[in-house]
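Chemist: below: sequence and its predicted model.
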Amino acid sequence: MEKPTYIIGHKSPDSDAICSAISYAYFKKKHDGMNSVPCRLGPVNNETQFILDYFDVEQPRLIKNIYTQIRDINYDKPLCVNEAWPMLAAWQLMQQSGTRTICAVDDKGRFAGLATLGDLAKVYLSEMNNIEKYSIPIKNAASVLRGEIINYGSGKLGGNIIVAAMSLDETAKRIKQGDTIIVGNRPYIQKAAIEYGAGALIVTSGIKPGDDIITFAKGHGVGLIQTSCDTFDAVKYISQSIPLSYIIKSSDLITFNDDDYVHEVTGTMSRYKYRNFPVLDSNGAVVGLISRRHVLDYKPKSVILVDHNEFSQTVDGINEANILEIIDHHRLGGTVTDKPILFRNQPVGCTSTIIYSIYKDAHITPPKSIAGIMCAAILSDTLIFKSPTCTKRDVDAAHSLAAIAGINIDRFADQMFKASTSLTGKTMEEIFYTDFKEFRTEGFKIGVGQINVMTDPGKIKEDLLSYMRDIQKSNEYDILLLMLTNIIDEGSEMLWASDYKEVLETAFSINIDGGNFYLPKVVSRKNQVIPPIMRAVRNLS
């Protein structure tokens, strides 16, 4: 499946940021077949939730950043086997697949360790006459020897490996409790080995032990394997039945999670000389092997920005992302890309107006739900066409979309703004960041929030001012404002926290006394608040 392209509105999203992301993601999927995913960078406010509920549209996905994660890049698929597998089976699988590294997992599928061809070869070439420390399952030995288990005994092989090719007396001298005996068609040796405490017998050359030997072995709890291998091959193969759990590296391993960020793991990888690093999922299962070559050449996440273009307002990690498009109606904020992109920036009151024109240019009619949320976004951003940012294009688009959605603009807007202006049950943080944007100019850091009200909020303003003064100091804002915009009176009461009162007085040509001031006919942050402040800051500089 095509990798997703994330359609993202600004931080502290308002209705236009959310609705534009959803409607443009729908358009890109419909028109271009893009795997487009609408996203949000913060909680949905009351107004936007009312819009989504009204038109039965899901919230966009919440994301915190756009950094590339390991799961986003192409790493090698792992070769995984159970840690109880015999070494020979793992070796054969590696040869068949052409893989130099194998991952071992436990019975629950969780990563247990890894082994390379070199690790297996080292064990294979080592002298092997004592297997006591390995506790080899008898089924492993039978598998490697292509034999048949006649009696399980203790279920494992151990002790010394003794080839009973000598006399009975000599064999008896060598056998210790629990040893593994390799013997041919010599019933008297087989019986003696059992009597002297052997833990298991491997009977070679395809000759089945007699019934009396089988009964004797069962009576003494001795493991019994019959194999067609001759004695020489049996000795050679038995060491290759060692479980992988004894060979794999399981400690001091450097592993990564599939949700780790690539820019963070590259530093770790550079400090170690390992060829491959296991990648684990949230359940501890190994999902891949990553090496330096994978992180040297990877494709970052693709994004489309809507309703903003300034990096200070967008998702963290944007400098690492592949920006495909920007659709916006705000001022240009110094966005830098590493290649040409489609940048559609138009002086209208709402981004959804621009997106609707894109629909019309492509001769695509949005479904009722998408038309409804775009209409609602226009009504919100233009304050039902009262904002100075509103244009004829906004009005025409809103009426066309309302017709598609089957809504009455006045009745719907009344319900929407009643939902948006309620402050009941909200914390100071939730109120202040309902619709907040950050700007920078001439070294100044400016933050401006805006909420719509239909009546005076009363004493809550003092609590908001106290909260803003703390935020202004802790986040080092030069100017911090909150617009309480009355959509009936068409004006805004401004709460402020700043060490630059003179900048605000110059910007709005007023004298400020106290923590608030009123600006009649000022309802647009974009056109009526930010531009005069920036001019005043430049004059101060």
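Modeler: Done, it's in.
Chemist: give me the element the residue of the chain positioned farthest from its centre is part of.
Modeler: The C-alpha centroid of the chain is most remote from residue 169, which lies 68.1 Å away (CA atoms, centre = their mean). Assigned by DSSP states H and E, residue 169 falls within helix 168-174.
Chemist: which other helices and strands does the helix or strand following that helix contact?
Modeler: Counting by DSSP H and E, the next helix or strand C-terminal to helix 168-174 is strand 180-183. Strand 180-183 sits against strand 161-163, helix 187-195, strand 200-203, helix 231-238, with contacts defined as 3 or more CB pairs under 8 Å, 6 or more residues apart in numbering; DSSP states H and E. Just so you know, the C-beta spots here come from the backbone N, C-alpha and C atoms, and that holds for glycine as well.
Chemist: contact partners of strand 180-183?
Modeler: 131, 157-164, 175, 189-190, 193, 198-204, 231, 234-235, 238 (CB atoms under 8 Å, 6 or more residues apart in numbering).
Chemist: again, only using 7 Å
Modeler: Strand 180-183 is contacted from outside by 131, 157-159, 161-164, 175, 189-190, 193, 198-204, 231, 234-235, using CB atoms under 7 Å, 6 or more residues apart in numbering.
Chemist: for that strand, output the C-alpha coordinates as PDB.
Modeler: C-alpha atoms of strand 180-183 as PDB (Å, rounded to 0.1, in the frame of the first residue of the first chain):
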ATOM      1  CA  THR A 180      24.700 -40.400  25.900                       C
ATOM      2  CA  ILE A 181      25.800 -43.700  24.300                       C
ATOM      3  CA  ILE A 182      26.100 -44.200  20.500                       C
ATOM      4  CA  VAL A 183      26.000 -47.900  19.700                       C
END
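Chemist: let me see the contact set for residue 95.
Modeler: So residue 95 contacts nothing (CB under 7 Å, 6+ apart).
Chemist: and the gap between it and residue 113?
Modeler: The gap separating residue 95 from residue 113 is 20 Å, by CB to CB, to the nearest Å.
Chemist: on that earlier part again, for the helices and strands packed on strand 180-183, which one sits closest to residue 408?
Modeler: helix 231-238 (84.0 Å; CB to CB).
Chemist: neighbouring strands for the helix or strand following that closest one, and are they parallel or not?
Modeler: Using DSSP H and E, the helix or strand that follows helix 231-238 towards the C-terminus is strand 256-257. With DSSP bridges as the test, strand 256-257 is paired with strand 277-280 (parallel).
Chemist: list the contacts of the partner strand.
Modeler: Against strand 277-280 from outside (CB under 7 Å, 6+ apart): 70, 75, 103, 111, 114, 253-258, 269, 286-290.
Chemist: restricting to C-alpha, output it in PDB.
Modeler: Only the C-alpha atoms of strand 277-280 are listed here, as PDB (Å, rounded to 0.1, in the frame of the first residue of the first chain):
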ATOM      1  CA  PHE A 277      20.100  -4.200  14.900                       C
ATOM      2  CA  PRO A 278      16.800  -6.000  15.800                       C
ATOM      3  CA  VAL A 279      13.700  -3.900  15.500                       C
ATOM      4  CA  LEU A 280      10.900  -4.900  18.000                       C
END
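Chemist: give me the average confidence score over that strand.
Modeler: The average of the pLDDT scores along strand 277-280 is 94.
Chemist: cool, stretch 24-37 as well?
Modeler: The average pLDDT for stretch 24-37 rounds to 97.
Chemist: that stretch: which residues count as buried?
Modeler: 24-30, 34, 36-37 (16 or more other CB atoms under 10 Å).
Chemist: stretch 426-444 too?
Modeler: 428, 431-441, 444.
Chemist: among the residues you listed, name the ones in strands.
Modeler: 436-441, 444 (DSSP state E).
Chemist: re the thing from before, widest-spaced pair of the buried residues of stretch 426-444?
Modeler: 428 and 441 (27.0 Å).
Chemist: and the helix or strand of the chain with the lowest mean pLDDT, how far out from the chain middle?
Modeler: When the helices and strands of the chain are scored by mean pLDDT, DSSP states H and E, helix 117-125 comes last with a mean of 82. Averaging C-alpha positions (CA atoms, centre = their mean, to the nearest Å) puts helix 117-125 37 Å from its chain's average.
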